[in-house]
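Participant: Please find the sequence and the predicted model below.
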Amino acid sequence: MRFFTLVVSYTVAAAYILIPSTVIASDSQSEKTTCSIAIPDDWAGWDISVNGQMVGTITSVSDQVFASTKHKWSIAPDRPWSRSLVELARGEHAAAMPVLKTSEREQKFNFLGPVGYVYAHFLENKKANTNGQIVVVNDFKVLEGLDAKLSRFNEVIWAENSLRALRIFLAGRTQYMLAPERQYETIVPQDQREGVAMDVFDPLASPLYMMIERQSVCAEDEAVIASNLQRMQLQIN
C-alpha cells in the first residue's frame, strides 16, 4: 500500500520544512550557508529504499539528497506538520517538502517537481452512531476534486491534524474519514480495524512538490537537489 510516490517511485506520507539560513564556518574557514530541513513526526520514522534496496529512513540518505549543493543542509526531525506550516509562514524556514501546490503558496515559493503524490482514501466506521458525516484534515482542502466528493456527505468536520481527525472518527462521531492510505496501516489500532472499511469511495490523488522560498539563498540549490532526487529514485514504504 502506498502513501506517497517520490520522483520515479517515491512513496511518502507527509512533509519537509527548512529552518532559516544561518552562516557557519566550513573546513576551509570560508563562510557557508546552512539550510536546515525539518521532517514531520508522521513521516520521520518510515522506511526508505534507494533503487529497491532498503537503507533506513530519509535521514539515512540526506547526504546523497543534498550532495554537491552550494549550501550545507541538515535535518531537524519530529516537526508536526501543523507546527511546520505556522513556522514557515512566520519566515522561520526556507522551504518545505512534500507539499500540495496552492495559488497562495505560489506567490512566495518556487516549486520543484512534482516529486510525489498523495493518495487520500475514504474510510468508513461501520459502528459509528452518525449518518453521512465525514472528518477531513485541514491540509486536504487543496486536494484536486475534493469539493465534488464532499458534496455527497451530510456534514463535513474539519480537523487541525490527522491524529485529531482519527480520534473523532474512531469515537464514532463521524461515519467517514478522508485519510492517507498509510495512516490506516500505522495508526488505526489492530483491534479496531474490523469495524473500519477502506475505499468506500474512489480515493483522491494529488501531486506533491518541494517548495523553496524564492528570496532565500537556499533556492540556489534547486537544480542540484532535483537532479539528486531523480537520480536516486527514492521510495518510502
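Facilitator: Looks like it came in fine.
Participant: which intervals of the protein have sub-threshold pLDDT?
Facilitator: Within the chain, the stretches with pLDDT under 70 are 1-31, 38-49, 51-52, 56-59, 76-80, 115-116, 181-187, 234-237.
Participant: Show me what the strand ranked longest in it is packed up against.
Facilitator: Identified as the longest strand of the chain according to DSSP state E is strand 109-125. With contacts taken as 3 or more C-beta pairs under 8 Å, 6 or more residues apart in numbering; DSSP states H and E, strand 109-125 sits against strand 95-99, helix 162-170, strand 176-180, helix 181-186, strand 196-198, strand 204-213, helix 222-232. Where you see a C-beta, it was placed from the backbone N, CA and C, and this is true even at glycine.
Participant: what residues go with each domain of the protein?
Facilitator: By the assignment in automatic domain parsing, the chain contains the domains 16-117+206-236, 119-204.
Participant: need the ones you listed in TSV with mean neighbour count, can you?
Facilitator: Listed next are the domains of the chain as TSV, based on neighbours: other C-beta atoms under 10 Å:
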stretch	mean neighbour count
domain 16-117+206-236	17
domain 119-204	17
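Participant: would you turn the helices and strands packed on strand 109-125 into TSV with distance to residue 88?
Facilitator: Converted to TSV, the helices and strands packed on strand 109-125 look like this (distance: least, C-beta to C-beta, whole Å):
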stretch	distance to residue 88
strand 95-99	6
helix 162-170	18
strand 176-180	20
helix 181-186	22
strand 196-198	32
strand 204-213	8
helix 222-232	17
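Participant: So which of those is nearest residue 54?
Facilitator: Closest approach to residue 54 among the helices and strands packed on strand 109-125 is made by helix 222-232 (13.7 Å; C-beta to C-beta).
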